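Asker: Got a sequence here, can you build the structure:
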Amino acid sequence: MNIQNNPSLMDQLAASYALGTLRGGARRRFETLARDNATLRAAALVWQSRLASVAELQPQEAPSPVVWKRIENLVKADKEARAMHAARAAPAAGGWWASLGLWRGGAAAGALATVAAVVVGLNVNGRLSGQVSELTARLTAAPEIEYVAVLTDDKASASLLVTFDPKNKTLALKRVGGFREQPDKSLELWALPPGAAPKSLGVLGADPVVRLTAAGTDMRQVPALAISLEPKGGVPAGSGPSGPILFKGALIETPK
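Answerer: Sure, this is the predicted structure:
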């Protein structure tokens, strides 16, 4: 089946990928397809963002030893499977997919922390179907995501993940790279509408996640976003970027 013509299936696979229930050959096939399919990558990013927000809804509670043992077993099995696959497979493709930290390294720890929070909130001895049903109910409280963008530097290394929530008219920008501006500088977000001057969407603070107010009209019909380095506080209202463009990326509408 050609999943590119099946948005519902694409969304289900992306959810399974983000949750970690898509494993083995199916997970590797998904990653192969996503390297060349921006819509599929966007769907996976959206689900990772949704799952990350679930942890914020959970009351603090110490995980039981059973939870940590299961996570330890999953990590061990995943490392062994990756080692075996790496020994047999050709070198992985580079570029955006290889550079995006959301998929490898420290992101694995973040994903496991999210899963741990979900498992603690649910019944760890219950059936998977029951867990998924309750998780789905919790996700109804998560933000809607209509657009997503990964802003990269000139070496195609991801630096910011941008999502737009039309329900709350909010842009969320999450730093996923190591860049930090100097104290006397600010990062400013720009919409790049076709045939028109860049439009400022706001100045970023120093927090790992920054939220800016934006209307749907600011985002629709905008093919790309960019980040410029500006004097502290950004440029005067009504003017364009004065500093260098550090990061940019396409704005992708998420699957419905």
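Asker: quick one, phi psi at K174?
Answerer: K174 adopts backbone torsions of phi -110, psi 120, taken as degrees, to the nearest 10.
Asker: Offset the numbering so it begins at 641, please.
Answerer: Understood, numbering begins at 641; the last thing we discussed is K814.
Asker: Quick check, it in contact with L844.
Answerer: No - in this structure, K814 is not within contact of L844 by CB atoms under 8 Å, at 10.8 Å. No exception for glycine: its C-beta is placed from N, CA and C like everyone else's.
Asker: what's the helix or strand where L827 lies packed up against?
Answerer: Assigned by DSSP states H and E, L827 belongs to strand 825-831. Applying 3 or more CB pairs under 8 Å, 6 or more residues apart in numbering; DSSP states H and E, one finds that strand 825-831 contacts strand 839-844, strand 864-871.
Asker: please redo it, this time with the cut-off set to 10 Å
Answerer: If contacts are counted by 3 or more CB pairs under 10 Å, 6 or more residues apart in numbering; DSSP states H and E, strand 825-831 sits against strand 798-805, strand 810-815, strand 839-844, strand 849-853, strand 864-871, strand 885-890.
Asker: picking that back up, what's the overlap in contacts for K814 and L844?
Answerer: 800, 850 (CB atoms under 10 Å, 6 or more residues apart in numbering).
Asker: For the biggest helix by length in the chain, C-alpha coordinates in PDB please.
Answerer: Determined from DSSP state H, the single longest helix within the chain is helix 705-728. Output of helix 705-728 as PDB, limited to C-alpha atoms (Å, rounded to 0.1, in the frame of the first residue of the first chain):
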ATOM      1  CA  PRO A 705      10.800  -0.400  40.400                       C
ATOM      2  CA  VAL A 706       8.800  -2.400  37.900                       C
ATOM      3  CA  VAL A 707       8.600   0.600  35.600                       C
ATOM      4  CA  TRP A 708      12.400   1.200  35.700                       C
ATOM      5  CA  LYS A 709      13.100  -2.500  35.100                       C
ATOM      6  CA  ARG A 710      10.900  -2.500  32.000                       C
ATOM      7  CA  ILE A 711      12.600   0.600  30.700                       C
ATOM      8  CA  GLU A 712      16.000  -0.900  31.400                       C
ATOM      9  CA  ASN A 713      15.000  -4.000  29.400                       C
ATOM     10  CA  LEU A 714      13.600  -2.000  26.500                       C
ATOM     11  CA  VAL A 715      16.800   0.100  26.300                       C
ATOM     12  CA  LYS A 716      19.000  -3.000  26.400                       C
ATOM     13  CA  ALA A 717      16.900  -4.700  23.700                       C
ATOM     14  CA  ASP A 718      16.900  -1.600  21.500                       C
ATOM     15  CA  LYS A 719      20.700  -1.200  21.800                       C
ATOM     16  CA  GLU A 720      21.200  -4.900  20.800                       C
ATOM     17  CA  ALA A 721      18.800  -4.600  17.900                       C
ATOM     18  CA  ARG A 722      20.500  -1.400  16.600                       C
ATOM     19  CA  ALA A 723      24.000  -2.900  17.000                       C
ATOM     20  CA  MET A 724      22.900  -6.000  14.900                       C
ATOM     21  CA  HIS A 725      21.300  -3.800  12.300                       C
ATOM     22  CA  ALA A 726      24.300  -1.500  12.100                       C
ATOM     23  CA  ALA A 727      26.600  -4.400  11.500                       C
ATOM     24  CA  ARG A 728      24.500  -5.600   8.600                       C
END
